[in-house]
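In: coordinates only, no sequence provided:
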Ligand SMILES: Nc1nc2c(ncn2[C@@H]2O[C@H](COP(=O)(O)OP(=O)(O)O)[C@@H](O)[C@H]2O)c(=O)[nH]1
Ligand SMILES: Nc1nc2c(ncn2[C@@H]2O[C@H](COP(=O)(O)OP(=O)(O)O)[C@@H](O)[C@H]2O)c(=O)[nH]1
């Protein structure tokens, strides 16, 4: 089901209901770009440490926009012996909700945009009808601003402030009117005096003026006419702001205040928008399944919660708070017993593989009122569909694990012990010697004692490196940038020899991996 | 007429023809954003120098994308006594044309996107079907790469290189094959040997391999089998690259070479894409009319020609090269005799004003086959329409100038002396005391000897400044940032007094404008 700003408010309860009743949730995000670095390859060196990988993704990927979010909820129906799914495809855009709202900027990468365009992605739905959102800090700020305003309008004073500075004193004070504004303000006061005397008139509309003058008028009204009037600024369709002063009795005043409060509450809810969905997912504490989900998690937290911490350990705790239990199907498929029988873990290929023996995909049916997906046609790279496929891969692999139990189980529930080993471990793209990012504790750290760090002139090509190390047999080169690379030797005992030989070299420089790491750590500390 | 990638090649001759026959051209651009600074106000301080303004726009606006370009050509028909117009609305997107093409990134600003969305802007047309482009440097690079390739395939060798390093030696050399690739390459050589002996076979398809291995194969083929074969890499729909070796005689070889050359030329033309239109405008030397066109010119040069220079004077020469003659209708409308009778110069309001006496808009008709615009309905903020309106404003104001001639002229041509005073002067947003940016020479520099530069704690508000200078009568505040501002006094002789008084102050600091500028210049020199 496509969810845009047009149907968001109506469908939000449906989404929350689906989350609440689900056994688990599958998610997927589409982004306006992946990497602002020279290339994704450089962003994902095969000998990155988990810290380095996290830092690189944080530095080079977070300025892109997560603009489509797929959610597919899975609930097992014991009677029918099948999963009932509800799939949602959210279009997301940081629409400015009023003139004080943050004017967010985001980067687009042509290759990503082009890729999505070729998949038939509907950019108009995003930009014309995307759901807005606020992160927690922005939500708090907006709420504080509203409280502050309300404080000023409570009690006797009926004035409402358009401009509230955080340090504004809390009781109406004699406003300071600059000399060149005195005439202007005096005239306003005069006209309000007249208006209040004129029993025929209920409403006084002031001439348009500058924001600064409006602020002075609010302060003056608050001080000179604390009772019996209501002051507000209305915006005309051509963006002209005019102040309107209305005579009110106590009931009318209260009424206007309540109306205002309701309106403010609604504005706040509108502005928080899609973040409500993430909050619902988070507070449900349900298992969240994704495919290669490191970037999805990082973007989700960054966009809807808060700036990402610099430190990987802090990121892990934060992720544990937001998504207490996650499972990465790419990691699952790359781990035994699946690793031995699954050769390609790209989502589309994984799905195909899992349709064949020894696997046996469980039955899945779309809930009533939800359009059903046809896996034969495929709509890959619509986030809602990708989320569905991800969930499907998960339950197929889970059920396969059930076949090893005694007695064998055809349906494995999310609570089963056979699944828990895969919880809270994220797949690390292209890192060959660290199996996963461990969200529940420290990461496994390989010694890498057969790895050399080499620096060289940028004219060098791969062949120069192969030639340089030709005496040491088969080597593997992992480029860092155009003047350095890691070189992995087959035999650890040759590392020292390579370092020794390099002492006489002038054009290049070789050090052991451990030395390189130690030097880097010292640099980052100083 | 909407021009996207689908009809670009077919319509390009129509566009070029329209440019060639026109009396003048009107242009307009739509961007994915305006300012990455805190606000547009900060970007355009009313006391900026032209240099500062240029530097700010360059620093804070060029990362956005010009993604719609409007061109409206105007040609006067003496017989009909009306203008015949052709209006084009180009959708532009840096689509990657092959895997080696630059993967461009650009920023979107929510407020700008939201504004365009509300105008019904079609983002799908941009992202799915936008016309690609290259700047001159990228075009040159691509051309050089193709020449380089051709050099290698000319003469005896029939090998074509996929990977050419700029420093690759120009004659086929014995390739250096790293130890771990020797087996692989030996096997390839063996299979080619067999293939060449087998008279039945015309084509040999190799197994997929890595880019590095392909490079080695090209080098080996070039060296071992310089004659009688043609080697190429083809990409399958699933992005798999395979090498194909074909037996060829000399005629076939030549044929394949010609085919290849034609294909390469076409690829290059495709990649240059929309830049061809700008090149056609530029080399026509026709008068180019725009409304508030500083950003349009900067973006056009930046995107389709080259990086903008740091220096304003260099920017002026560059603009003179690309657009030898420009006219800014906002500047024209803000200059006498128009200034006295036109109060609002925003495009839509200017157009409305120019429909009333003393103005008399000339007759305009869309050329055959071009959809006609109805100004009554209005489609503002489609670039093609805005370009049309801009041209309309220009000819209406031009004809008005004709009424002052003796004898009065009802039609004023682009060559007329009454227009030339407005050439090559750009409107400077919100700068009150410099009339325009002069593209044909140095700018007018006001002394600003009634202006003070003030620094203060960031807690200060406008009222603090008004209070501080209350002794000096009416003042005007131009914020620089939250700890500094320019304060303009009414009387020049009070500037020294204000500076003297400030010597005793601790919380704020005041200096004369000239001192501030001198200090800034010294800083930028050192
Ligand atoms: N000096 C040098 N640097 C290279 C070479 N190949 C790759 N690099 C560097 O390593 C980075 C990653 O290269 P690679 O892993 O091949 O990924 P790619 O950038 O996607 O082609 C590149 O951006 C270059 O900076 C080479 O042959 N010579
Ligand atoms: N300290 C201080 N700074 C201000 C105040 N008003 C504006 N500024 C600064 O001046 C900049 C430009 O303000 P303004 O011209 O009002 O444009 P705006 O940012 O679009 O509202 C702001 O971004 C602030 O940094 C104020 O009352 N006090």
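Out: On my side now, so go ahead. Quick caveat, the model's predicted, so the values are computed rather than measured. Ligands and ions are numbered 1, 2, ... in the order given.
In: so where's the stretch 251-400 of chain A shaky on pLDDT?
Out: A:375-380 (pLDDT under 70).
In: can you map out the helices along it?
Out: For the stretch 251-400 of chain A, the helices defined by DSSP state H, counting those that start in this stretch cover A:275-284, A:294-304, A:312-322, A:329-333, A:347-353, A:383-402.
In: what sits against whatever residue of the stretch 401-526 of chain A ends up closest to chain B?
Out: Using CB to the nearest CB, the closest approach of the stretch 401-526 of chain A to chain B is made by residue A:466 at 3.1 Å. All C-beta atoms are positioned from the backbone trio N, CA, C, and that covers glycine. Going by CB atoms under 8 Å, 6 or more residues apart in numbering or on different chains, residue A:466 touches A:475, A:477, B:178-181.
In: tell me which entries of the residues you listed lie within strands.
Out: Among the contacts of residue A:466, the ones falling in strands (DSSP state E) are A:475, A:477.
In: now restrict the contacts of residue A:466 to buried residues only.
Out: Buried members of the contacts of residue A:466, counted by 16 or more other CB atoms under 10 Å in any protein chain shown: A:475, A:477, B:178, B:181.
In: need those in TSV with pLDDT and distance to ligand 1, can you?
Out: Formatted as TSV, the buried ones among the contacts of residue A:466 follow (pLDDT from 0 to 100; distance: CB to the nearest ligand atom, whole Å):
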residue	pLDDT	distance to ligand 1
A:475	86	14
A:477	87	8
B:178	78	12
B:181	84	14
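In: what's the per-residue pLDDT of the residue of the stretch 401-526 of chain A closest to chain B here?
Out: pLDDT, residue A:466: 86.
In: that one - that's part of a helix, no?
Out: Yes - counting by DSSP: H, G, I helix; E, B strand; the rest coil, residue A:466 is found in a helix.
In: related to what we said a few turns ago, for the contacts of residue A:466, which one is nearest residue A:455?
Out: residue A:477 (13.3 Å; CB to CB).
In: show me what that closest one is bridged to.
Out: Here residue A:477 sits in beta bridges with residue A:487, as judged by DSSP bridges.
In: strands along the stretch 101-250 of chain A, start to end?
Out: Taking DSSP state E, counting those that start in this stretch, the strands of the stretch 101-250 of chain A run over residues A:105-109, A:203-205, A:229-235, A:241-247.
In: lowest average pLDDT across those?
Out: Among the strands of the stretch 101-250 of chain A, strand A:229-235 scores lowest, at a mean of 82.
In: now do it against strand A:241-247, angle only.
Out: Taking axes from the mean of the first three to the mean of the last three CA atoms, to 10 degrees, strand A:229-235 and strand A:241-247 form an angle of 160 degrees between their directions.
In: so what are the domain limits for chain A?
Out: A:2-130+A:274-438, A:138-250, A:451-525 (automatic domain parsing).
In: and the end-to-end length of the second one?
Out: Here the two ends of domain A:138-250 are set 34 Å apart, with distance taken as CA to CA, to the nearest Å.
In: spatially central, which residue of chain A would that be?
Out: Closest residue to the average C-alpha location of chain A: residue A:300 at 2.1 Å, with CA atoms, centre = their mean.
In: nearest residue to that one in space, please, no chain neighbours.
Out: residue A:278 (6.1 Å; CB to CB, 6 or more residues apart in numbering or on different chains).
In: look up how far chain B lies from that neighbour.
Out: Noted for residue A:278: a distance of 19 Å to chain B, by CB to the nearest CB, to the nearest Å.
In: again, but for residue A:25
Out: 28 Å.
In: may I have the beta-bridge partners of that residue?
Out: In beta-bridge terms (that is, DSSP bridges), residue A:25 pairs with residue A:73, residue A:288.
In: quick check: it touching residue A:281?
Out: Yes - using CB atoms under 8 Å, residue A:25 is in contact with residue A:281, at 6.2 Å.
In: can you pull the residues that touch both of those two?
Out: A:19, A:71, A:288.
In: buried subset of those?
Out: A:19, A:71, A:288.
In: can you lay out these as a markdown table showing distance to residue A:65?
Out: Formatted as a markdown table, these follow (distance: CB to CB, whole Å):
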| residue | distance to residue A:65 |
| --- | --- |
| A:19 | 23 |
| A:71 | 18 |
| A:288 | 21 |
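In: out of the residues you listed, which is nearest to ligand 2?
Out: Set against ligand 2, the nearest of these by CB to the nearest ligand atom is residue A:71 (37.6 Å).
In: name the element that closest one belongs to?
Out: Residue A:71 is part of strand A:66-77 when elements are defined by DSSP states H and E.
In: tell me the helix or strand right after that strand.
Out: strand A:82-91.
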